[in-house]
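Visitor: For reference, the sequence and a predicted model appear below.
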Amino acid sequence: MNKPYKPSGPDKSFPTPKPVVQVKAKDIPKAPAKQLIIGAGVMVKADITEADLVLIEGCVEGTINAKCIMILDGGSVLGEATCDVAYIAGIFTGPKLITAEKLQVGSTGRIKASISYNIISMDAGAVVTGMIVNCPPKVEEEKVEEKPAEEVSEIKKEDLVKEPIAESAKDSVNEPEKPVKKDDTIKKDPSKEAAVAADLAKDDAPTPLS
């Protein structure tokens, strides 16, 4: 009769499994914000806007609006692109390529478009076909704020400063002239007139000879 098998101890032929380490979300490194990478062999037909970096190794057909555009060797773009900085080592074909700051074309770069740039750098072997226009950044003029002219208030008669007038002048101005009455004329005294005439006669009389 067979006896049941009883293990004498742990089987040491297999390694003991290690405990699973839990990974937290904050420990996972994050990719830069607003970054788009189109790998080799990928074809995209869409408009790309508000991106910080667009790195292209495949094919893109559409409009690209980003801060930095990088077309690596083997990548291609068919459309219009507007950016601050562009590095072209692949093929760009389109109506417009606008770079606000710098355009760098690698030795394998091929561009066929109307180009607007501020600074351009081309390696030996690069091919650029199309109209090229240099557009330096515009310097904003300082705006002088025009202050409105101060409004001149109307002068009223009540606001004028009144100078004090002397009391004597007030009286002379305020009092009307009194009319001269007949009774107020000077009356002649006949006795006084006779005395004055006698004195004049004495003065005119000749002096007697002695």
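Guide: On my side now, so go ahead. Values in this document were obtained by computation on a predicted structure and should not be read as measured data.
Visitor: Looks to me like E193 is in a helix.
Guide: Yes - counting by DSSP: H, G, I helix; E, B strand; the rest coil, E193 falls inside a helix.
Visitor: buried residues in the longest strand along the chain?
Guide: The residue-count maximum for a strand in the chain (DSSP state E) belongs to strand 91-105. Buried residues in strand 91-105, counted by 16 or more other Cβ atoms under 10 Å: I91, F92, T93, G94, L97, I98, T99, A100, K102, L103, Q104, V105. C-beta coordinates here come from the backbone N, C-alpha and C atoms, glycine included.
Visitor: Could you export the residues you listed as a markdown table, including pLDDT and distance to A198?
Guide: A markdown table is the format used below for the buried residues of strand 91-105 (pLDDT from 0 to 100; distance: Cβ to Cβ, whole Å):
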| residue | pLDDT | distance to A198 |
| --- | --- | --- |
| I91 | 96 | 150 |
| F92 | 97 | 144 |
| T93 | 96 | 147 |
| G94 | 92 | 142 |
| L97 | 94 | 138 |
| I98 | 93 | 133 |
| T99 | 92 | 134 |
| A100 | 89 | 129 |
| K102 | 92 | 134 |
| L103 | 94 | 137 |
| Q104 | 93 | 140 |
| V105 | 94 | 143 |
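Visitor: which neighbours does the longest strand of the chain have in its sheet, and in what orientation?
Guide: With DSSP bridges as the test, strand 91-105 is paired with strand 76-88 (parallel), strand 110-117 (parallel), strand 119-122 (parallel).
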